[in-house]
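Engineer: Build me a model from this:
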Amino acid sequence: MLKKDNNLFKFATKETTQDSFFSWIINFYNVTDDELYKNFSKEFLKTIMPKDLVDKINDIKSIDITRQFCDIDILLTLNMKNNEQYYLIIENKTSSDLGPHQTKTILYYTKLIHYLYNNKDKFKELSIDVDTVNRKYEDKVYAVLIKTTIRNNDSNDKDMIINSITTLNKEENEYDYYQTSKKYIESISISEFLDKHIKFINTDEDLLKITNVISKYKSLDNLIESYYDSISFNLSNDSMLKNDENSVDSIVKRGYLIENKTHFRTNKLCFKCFESNLTTRNLDNINNQSNSITLDKLNYEFNDERKLVIVDTLNFKSGNYYDNKFEYNGNFWLEKIRENNNSNKIRYIFLFVKEIDFFRNEYYTFKGLYRFKEISNVNEESYNVWEKCKVSDNGIVSIKKQDIEDYIRKEELFHNKW
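Structural biologist: Numbers count the residues shown, from 1 in each chain. I've put the predicted structure just below:
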């Protein structure tokens, strides 16, 4: 059995699982005399720390790791050799953007500062030994936002935070938190403060730096190797579309899809981008999709019961799942015929392949327009054989109604059906 076939992170998909993994890596700094493991922890920390903390990393004596304190995913208390303390807030996202409380507290920076000044007993309850000699905490607290599976991120997290801070309402708790740190933050401007104290890991390039460190040390433990497989999944997909090309509105506006291009986290996008051009029909008794789409105008022109033109998604893993498979470089798709399968009514399919990564994010790759060819028996199993239609030389497939009808009429004439 290959390790990738039984990857822990395939099942442990929550952000809290990733929090635990990060905490486990960082804790190597404390619990091992093995320099290889300690170097792993140190290199990982360097990739996620703001620059000011990176410059101090060799001065760290030990690290206290606290989970879910003040709503913070991971709080690191960095105990320095000179008895000073610094704090690093780690906010981890696997598939979502920042929420209002996170932007209004600058990733909980202002909330933590407020607690350090006004509620030290809260730290004692969690056995966090806070430096009580120090009377100034604003320049001791830093934060990092890590978005590990958001490709081509189109959210400007820095601007979202600035907008939230400049529009705080006096009635909000976050307003009180901000007042504690306001003098320090605005003494250097909000934007410069963010550059100094907050690190944003929210692009492919940023994520690749973490991935490279994990890759370097993945042989140390199967768990590290499993995480490497999970985090590198979406970075290795060169077919991924940018977000500004990925929405339903943008696809409808340009009027076409591109073969072998992948759409990220676009639930039912493959149906919705057709809705302005095609007629939606409930096809519960025809295939496994409850809202497949048909071209009613063409239905009467077909001479047999195979007359439906639909859009469908297939659940695939590694190109071969549920006994369906592609052959001859994707030019043929073999669909296993099952009991009570009514796909004999379908003639053409706009085919999307759906994959799910280790964090339960969905990816849809458009494969093209396929035409039913024949029923074939393979190893005593019956398959519908679908042949890919060559509708263009550059892989661009129009979703405009007239163009789709022209594609199909051309195919039918070629196969001498009309």
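
Engineer: remind me which residues of the stretch 301-418 of the chain are low pLDDT?
Structural biologist: The model of the stretch 301-418 of the chain has pLDDT under 70 over residues 301-310, 312-323, 338-344, 357-361, 416-418.

Engineer: Would you map the helices across it?
Structural biologist: 401-414 (DSSP state H, counting those that start in this stretch).

Engineer: Which parts of it are strands?
Structural biologist: 308-315, 320-321, 324-327, 332-336, 346-356, 362-378, 381-388, 396-398 (DSSP state E, counting those that start in this stretch).

Engineer: got TSV for the ones you listed, with mean neighbour count and distance to Ser226 too?
Structural biologist: Just so you know, the C-beta spots here come from the backbone N, C-alpha and C atoms, and that holds for glycine as well. Output for those, formatted as TSV (neighbours: other Cβ atoms under 10 Å; distance: least, Cβ to Cβ, whole Å):
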stretch	mean neighbour count	distance to Ser226
strand 308-315	22	22
strand 320-321	12	21
strand 324-327	16	27
strand 332-336	19	31
strand 346-356	22	16
strand 362-378	18	20
strand 381-388	18	34
strand 396-398	17	37
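
Engineer: JSON lines for the ones you listed, including distance to Asp71?
Structural biologist: Output for these, formatted as JSON lines (distance: least, Cβ to Cβ, whole Å):
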{"stretch": "strand 308-315", "distance to Asp71": "36"}
{"stretch": "strand 320-321", "distance to Asp71": "39"}
{"stretch": "strand 324-327", "distance to Asp71": "44"}
{"stretch": "strand 332-336", "distance to Asp71": "48"}
{"stretch": "strand 346-356", "distance to Asp71": "29"}
{"stretch": "strand 362-378", "distance to Asp71": "28"}
{"stretch": "strand 381-388", "distance to Asp71": "50"}
{"stretch": "strand 396-398", "distance to Asp71": "46"}
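
Engineer: Out of the ones you listed, which gets nearest to Lys46?
Structural biologist: Lys46 lies closest to strand 362-378 among the strands of the stretch 301-418 of the chain, at 30.8 Å (Cβ to Cβ).

Engineer: Asp157 against Leu98, yeah?
Structural biologist: Yes: Asp157 is within contact range of Leu98, at 6.1 Å (criterion: Cβ atoms under 8 Å).

Engineer: which residues are in contact with both of those two?
Structural biologist: Leu145 (Cβ atoms under 8 Å, 6 or more residues apart in numbering).

Engineer: Comparing those two, which shows the higher neighbour count?
Structural biologist: In this view Asp157 and Leu98 are compared by other Cβ atoms under 10 Å, and Asp157 has more residues nearby, 22 against 19.

Engineer: Out of the strands of the stretch 301-418 of the chain, flag the one nearest Thr167.
Structural biologist: Taking the strands of the stretch 301-418 of the chain one by one with Cβ to Cβ, strand 362-378 is closest: 33.5 Å.

Engineer: Which strands and helices lie in contact with that closest one?
Structural biologist: When contacts are defined as 3 or more Cβ pairs under 8 Å, 6 or more residues apart in numbering; DSSP states H and E, strand 362-378 packs onto strand 262-264, helix 269-272, strand 332-336, strand 346-356, strand 381-388, strand 396-398.
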